[in-house]
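Novice: below: sequence and its predicted model.
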Amino acid sequence: MRVGIEVGGTFTDIVAVDGSRVEVAKVPSTPHSPDIGAYAAIGAAGIAAADIADLVHGSTVATNAILERKGARIAFVTSQGFRDILFLQRHDRRNIYDLRYAKPAPPVARRDCFEVPERVDGAGNIILPLDETSIRGALIPALAAGNYDAVAICLLSAYAAPDHERRLRALIAEALPGLRIACSHAVAREFREFERASTTALSAYVQPVIDRYLDRFEATLAAAGFAGHFSVMQSNGGRLPAVAMRQTAITALFSGPAAGVVGAIRQAARSGRGNLITFDMGGTSTDVSLVVDGEAAMAPETEIDGLPIRTPVLDIVSVGAGGGSLVWIDDGGMLRVGPRSAGAIPGPACYGRGGTEPTVTDAHLVRGTIRADAFLGGAMTLDVAAAHAAFAPIAARLGTDIQGAAAAAIRLAVANIVRAMQLVSTERGRDPRDYALLPFGGAGPLLAAEIADELGVREILVPPNPGVISALGLLSADFMKAIGVTRRTALDAAAPGVLREIFARFQQEATAEFRALGLEGALDFALTADMRFVGQAFEIPVDIDPAELPNLTPTGLAAAFTAAHHRVYFHGGEPGRRVEIVGLRCTIRRRLEALPEFRERPTSLVRPAGVTVRVGAADVTAALRDAAGLAAGESVAGPALIEGYSSSIWVPPGWRAERDPNGNILMRGAAA
C-alpha cells in the first residue's frame, strides 16, 4: 500500500492506494502537534500502519516554525569582518513610504553571531588559512556556553572552496557532538553572501524542529507496526527519504503547495491537458501556479517572512484567501478578506468550535453553495445560524442584508485570487485564456467558474476528490534532488568543456547519494545554466539538454541564451556584447511507477432535487448532483451544485459540467 498524507492549515488529507483500490479521507489538523492529525488520518482511511509499504508526507511544520518564530536556538558563524551579514541584508526598502519600515528580522540574535579568522577569494584561492587555534580557544567555548540547538556556518567564499567550512564543521562536531550543524556549501553552494547566509541560518533554525517532528511521527508509526519507506515532500515538486531531509529540512518549506501542483499536473495529463493555471484553495490560503506543456515553472529562490531562501521551488504565488480566511472591515470602512485565518482551531463560525468571526466558508453556507448536512460527505454538520450571526455585524456596517454581505465577501475572495493568477500569467507575458483552469482544495471548485469569468477562461478541469489532490501529488511525486554551484565562466571556446566537467561531477555525486539512500534505478538529469551579459547584476536560466552536452558549442550556447533573453525581456540584447555563465544547476529525478485511476469517493447522502443559491440579488434553484454518481459523458447544466466528499463544484447559470472518461469533470462557459 502507498499512502500520501498532507497536513494543511485546517485539514489533514490522506490518499491510500493498494493495487486498484484508492481510499481518501480528511480529518481536522492539530496545529499544536501536526503528527497527531497525520496519524489520525491513517485511522480515518480505515487502513493499518503495518500494511503501508510507502508513506509520503508533506506538512507546514517548517513554514510555521519560521512564521511563528518557534524554531531552534541557533548560532551563526561566518568569516571575520562579516558578522552583520544577516542584519545589513540588501540595500532595498520594500515599503518606501512606511516611516516605520524595518528590515525583516533574521532568526538569530546578533549576540549569537560569531566570526572566525579565514579568507578565500571568489576564485577559491586561500588568502588567509583557517585559524584553528582561535576556533578551539574562543569559538567552541562560546558555542558550548550558549546552549544552542544548532549552528549555521556560512564562510564568505565557501561556494568556491568549501574546505574551510568542512574543517570548521569537523572541529565543532568533535568538540560538541550533539550540536546540529548546517554548512552553506551543502545548503546553497552559490554566490551572493546574504542570500546564502539567510538560507543556511533558516535551515539550521528549522532542522531541530523537523527532526523532533519526524522522530515523534516515526515512533508512533513504528509502534503501530509500520516498517515501510518514509519520504518527505520538497518545495521543488519531488520527494526524498526522511533520512535525507534531516540534513536539508529547508527544502521542505513549501511541500504542501508543491504537492498540489504535482497532483494537478498528474490528473490533468490523463485528460490531455498540459497548459494549466492551477489554484489550490484550502483552509488558510490559495496557491496559484502556471503549468506549460505539463511542467510547472521552477524558481531558484523564494522568501518567507521577508527573508530570502536560495533553494529551487515550484513557482507558486500565495494569497490569504482560503476557506477559513476571515472577513473583516478595515478602519476606512472597506471590506477585506484575509490574510488572517480562523485556521483549524477554532475554525469558521459554522464549525461550532468557538469561532465567531465570519469566513469565506461561512459565506458559502449563507449563499447556499455549501449545504450544512453535506460537509465531508455528511461526516460533519455545519451550523447555519452561527454563520448568519457571524455575518450580521458585517451586514450592519455595509448597510445590506446578511446574504448581500456574504456575496460581497465571495466577490472579494474571487478578486484576490484573480490578482494572483494575473501575477503568474498576464504579468509574465502569458494570456490566461490560453490555459485551462484547474481548481482543487476544499474550496477551489466553488469559485472556479466565477474566477474563470473574470479572466476570460472558458474551460475548467476539476479533478475527482479535489479536496485531497495535494495528498495525491505526494504519491505522484518522483524522488528528486537539486544541485547548484556558482562557477563564473566566460562564454568562449572553453565554456562547453567547463559545463561538461561540472555536469560529470553532478552525475557522480547524485548517483552516489541516490545509491546511499537505497534509490537504485535509472536517473533522469535536467540541466540549467544561469547566464547573463557581462556587467549585468542578475542572470537568467537557460535550459540545456544533457544529451547535447558532448556536441555543445559556444555558438549553440549563445543562441540558447539569446532565445531565453528574448522570452524574458522581449529582445535578444545588444549584439556583440560579451556573455558569461554564472553557474550551473541540475535536477536529478528517480521516476516512480504510475498510480491507478483516481475516482471520486462515494457518499451515502440522501439529497433533495434542488437547493436554493443566491446569485446576484436573486435566489435561484440549483440542481443538486452527487459527484460520485456522475457517469462518464453525463452532462449537467447550471445552475447546479455537484457535491463530493472532499469538495463541491458550483456550476453557475451559463456553465455546463461533464464527466470525462478519465474521471475529471470538464466545465465550459457559454462562450466556449
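Specialist: Good, I have the coordinates. It should be emphasised that the depicted structure is a prediction, and the values quoted were computed from it without experimental measurement.

Novice: can you map out the helices along the stretch 251-400 of the chain?
Specialist: All helices of the stretch 251-400 of the chain, identified by DSSP state H, counting those that start in this stretch, fall at 255-270, 360-367, 384-398.

Novice: check the stretch 401-550 of the chain too.
Specialist: Applying DSSP H, counting those that start in this stretch to the stretch 401-550 of the chain gives helices spanning 402-424, 444-455, 469-476, 495-516.

Novice: tell me the most buried of the ones you listed?
Specialist: When you average the neighbours per residue for each of those (mean count of other CB atoms under 10 Å), helix 469-476 leads with a mean of 30. Using the backbone N, CA and C atoms, a C-beta is placed for each residue, glycine as well.

Novice: what's that helix packed up against?
Specialist: Packing contacts for helix 469-476, counted by 3 or more CB pairs under 8 Å, 6 or more residues apart in numbering; DSSP states H and E, involve strand 2-7, strand 11-18, strand 54-58, helix 255-270.

Novice: out of the ones you listed, flag the one nearest residue 502.
Specialist: Taking CB to CB, helix 255-270 is the member of the helices and strands packed on helix 469-476 nearest to residue 502, at 26.2 Å.

Novice: among the helices of the stretch 401-550 of the chain, which is nearest residue 32?
Specialist: helix 469-476 (21.4 Å).

Novice: who's in contact with the closest one?
Specialist: Identification of contacts with helix 469-476 by CB atoms under 8 Å, 6 or more residues apart in numbering yields 2-6, 8, 13-15, 17, 24, 54, 56-58, 233, 239, 256-267, 280, 282, 440-441, 463, 465, 595, 598.

Novice: state the mean pLDDT of that helix.
Specialist: Helix 469-476 shows a mean pLDDT of 93.

Novice: what's the ChimeraX syntax to select whichever of the contacts of helix 469-476 are buried?
Specialist: A single ChimeraX command selects the buried members of the contacts of helix 469-476 (16 or more other CB atoms under 10 Å):
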select :2,3,4,5,6,8,13,14,15,17,24,56,57,58,233,239,256,257,258,259,260,261,262,263,264,265,266,267,280,282,440,441,463,465,595,598
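
Novice: before we move on, the earlier item: quick one: the helices and strands packed on helix 469-476 as TSV, columns for mean pLDDT too.
Specialist: What follows is the helices and strands packed on helix 469-476, written out as TSV (pLDDT from 0 to 100):
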stretch	mean pLDDT
strand 2-7	94
strand 11-18	92
strand 54-58	93
helix 255-270	93
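
Novice: out of those, which comes closest to residue 603?
Specialist: Smallest distance to residue 603 across the helices and strands packed on helix 469-476 (CB to CB): 16.3 Å, for strand 11-18.

Novice: so what secondary structure elements neighbour that closest one?
Specialist: Using 3+ CB pairs under 8 Å, 6+ apart, strand 11-18 sits against strand 2-7, strand 21-28, helix 34-44, helix 469-476.

Novice: between helix 34-44 and that strand, find me the angle.
Specialist: 50 degrees (axes from the mean of the first three to the mean of the last three CA atoms, to 10 degrees).

Novice: domain-wise, how is this protein divided?
Specialist: 2-66+210-252, 73-83+92-196, 327-410, 479-590 (automatic domain parsing).

Novice: where does pLDDT dip in this protein?
Specialist: 670-672 (pLDDT under 70).

Novice: ok, back up a step: of all the helices of the stretch 251-400 of the chain, which one is nearest residue 101?
Specialist: helix 255-270 (28.0 Å).

Novice: closest one to residue 495 among the helices and strands packed on strand 11-18?
Specialist: That would be, of these and by CB to CB, helix 469-476, which comes in at 36.9 Å.

Novice: show me how far that closest one is from its chain's centre.
Specialist: 12 Å (CA atoms, centre = their mean, to the nearest Å).
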